[in-house]
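> Attaching a predicted model along with its sequence, questions to come.
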Amino acid sequence: MSVQLKEKYVKSPLNYVGGKHKLLPQILPLFPEKIGTFIDVFAGGCNVAANVDAEVTIINDKQAQVVDLIEYIYSRSIDELLRELDAIIESYQLSKTNKEGYLKLRADYNTGNVSPQMFYALVTHSFNNQIRFNQSGGFNMPFGKDRSSFNPMLRERFIRFKETLDEKSLSLRIGDFRDLELDSYGNDRFVYCDPPYLITTAAYNESGGWSEQDERDLYEWLDSINESGIKFALSNVIEHKGRTNDILTEWSRKYSTHNLSISYANSNYRSSNRDSVTREVLITNY
């Protein structure tokens, strides 16, 4: 494309492992030209939802803290957002080197001060700006020493992301894909799924966070969507580090499979073996 990636597509201020920002030039041209209601079922950091042109955008995710943060960003003015975030950073003296301030913030957050602005201040100073919760629900990413801060680049990304959300008609939902009632949404519905990848290991998929049963349930759910005449697209990985997702391979034969060229330079599930094959795909029913 003639337009550089950073100019054409908005990048989320949340750093999700496997986030789709780098793949947007390949994914978005494969989406329908006209989308009335765009339903991002596993929205995560909203890299895809922020860049899709639709009359209405539905953002859904099971991670309540992330959905609450997106709603907070969407519902406040940029001046208010930055003022509150800067106040927290100043209060805890957060920086790339102040580990004690970060740990104090994390402790305060995990003992009840769970506001969206506290959560995002944590994320901006965590290792690689990533998100992870333990089984008790506590945020447990380590400090991003000499790496992570709310630096000018991230600040500008945050502002641009906010401005992009302001241009959209958003509806936000916290919940499992199995509970989504698509009949309640309007015409020209388009469903996009970027679930945890069964054959990879990342912060979002630790401790059995996504099982084979979840995988099968998702494909059964997408089959029912197809039978209802609703268009969908699914991002997933078929091969990774010598492993194959046989469930996906078998199911995908019913639909169209588009191979994607990937590069996850900052991904926890990338392979250290340069010769290893990771085959990421977009599967569509149209």
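Ah, there it is. Numbering: from 1, shown residues only.
> At which residues are the strands of the stretch 101-250 of the chain located?
Using DSSP state E, counting those that start in this stretch, the strands of the stretch 101-250 of the chain run over 170-174, 189-193, 231-240, 243-244.
> Export the ones you listed to JSON lines and append columns for mean neighbour count and mean pLDDT.
Every C-beta, even on glycine, is put in place using the N, C-alpha and C of the backbone. Below are these laid out as JSON lines (neighbours: other C-beta atoms under 10 Å; pLDDT from 0 to 100):
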{"stretch": "strand 170-174", "mean neighbour count": "16", "mean pLDDT": "97"}
{"stretch": "strand 189-193", "mean neighbour count": "22", "mean pLDDT": "98"}
{"stretch": "strand 231-240", "mean neighbour count": "21", "mean pLDDT": "96"}
{"stretch": "strand 243-244", "mean neighbour count": "14", "mean pLDDT": "93"}
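> Quick one: closest of these to residue 30.
strand 231-240 (6.8 Å; C-beta to C-beta).
> circling back: looking at the strands of the stretch 101-250 of the chain, which is closest to residue 36?
Closest among these, using C-beta to C-beta: strand 189-193, at 6.5 Å.
> Report how many residues lie close to residue 285.
18 (other C-beta atoms under 10 Å).
> Take the strands of the stretch 101-250 of the chain and lay them out in a markdown table including distance to residue 257.
Below are those laid out as a markdown table (distance: least, C-beta to C-beta, whole Å):
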| stretch | distance to residue 257 |
| --- | --- |
| strand 170-174 | 29 |
| strand 189-193 | 14 |
| strand 231-240 | 8 |
| strand 243-244 | 14 |
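> Could you point out which of those sits nearest residue 223?
Closest among the strands of the stretch 101-250 of the chain, using C-beta to C-beta: strand 231-240, at 9.9 Å.
> Work out which residue lies at the spatial centre of the chain.
Nearest to the centroid of the C-alpha atoms of the chain, with distances taken as C-alpha atoms, centre = their mean, sits residue 44, at 2.4 Å.
> Next one: residue 70 from residue 50, what distance?
Separation of residue 70 from residue 50 (C-beta to C-beta, to the nearest Å) stands at 10 Å.
> swap in residue 133?
23 Å.
> Likewise for residue 159?
Taking C-beta to C-beta, one finds residue 159 at 13 Å from residue 50.
> Who has more neighbours out of those two?
In this view residue 159 and residue 50 are compared by other C-beta under 10 Å, and residue 50 has more residues nearby, 25 against 14.
> now that one, what's its secondary structure?
Under DSSP: H, G, I helix; E, B strand; the rest coil, residue 50 falls in the helix class.
> for it, what are its contacts?
Applying C-beta atoms under 8 Å, 6 or more residues apart in numbering, we find residue 50 in contact with 10, 12, 161, 164, 165, 168.
> Near residue 52, how many other residues are there?
18.
> That one reaches residue 38, doesn't it?
Yes: with contacts counted by C-beta atoms under 8 Å, residue 52 reaches residue 38, the gap being 4.9 Å.
> what sits in contact with each of these two?
With C-beta under 8 Å, 6+ apart as the test, residue 52 and residue 38 both reach residue 192.
> Of the contacts of residue 50, which belong to helices?
The helices in this structure, assigned by DSSP state H, contain 161, 164, 165 from these.
> any idea how far residue 107 is from the residue nearest to the first one when sequence neighbours are not counted?
If you skip the residues right next to it in sequence, residue 161 has residue 13 as its closest partner in space, 5.3 Å away by C-beta to C-beta, 6 or more residues apart in numbering. As for residue 13, its distance to residue 107 is 24 Å (criterion: C-beta to C-beta).
> What separation do you get for residue 127 and residue 220?
With C-beta to C-beta as the criterion, residue 127 and residue 220 are 36 Å apart.
> Could you check which of the two has the larger neighbour count?
residue 127 (14 against 11).
> hang on, isn't the more buried one packed against residue 144?
Yes: Residue 127 is within contact range of residue 144, at 4.5 Å (criterion: C-beta under 8 Å).
> For residue 110, give its distance to residue 66.
For residue 110, the distance to residue 66 - C-beta to C-beta - is 16 Å.
> Settle it for me: which of these two has more neighbours?
Taking neighbours as other C-beta under 10 Å, residue 110 and residue 66 compare with residue 66 leading, 23 against 17.
> follow-up on the earlier one: and residue 13 and residue 107? which has more neighbours close in?
Neighbours were counted for residue 13 and for residue 107 using other C-beta under 10 Å; residue 13 has more, 23 against 12.
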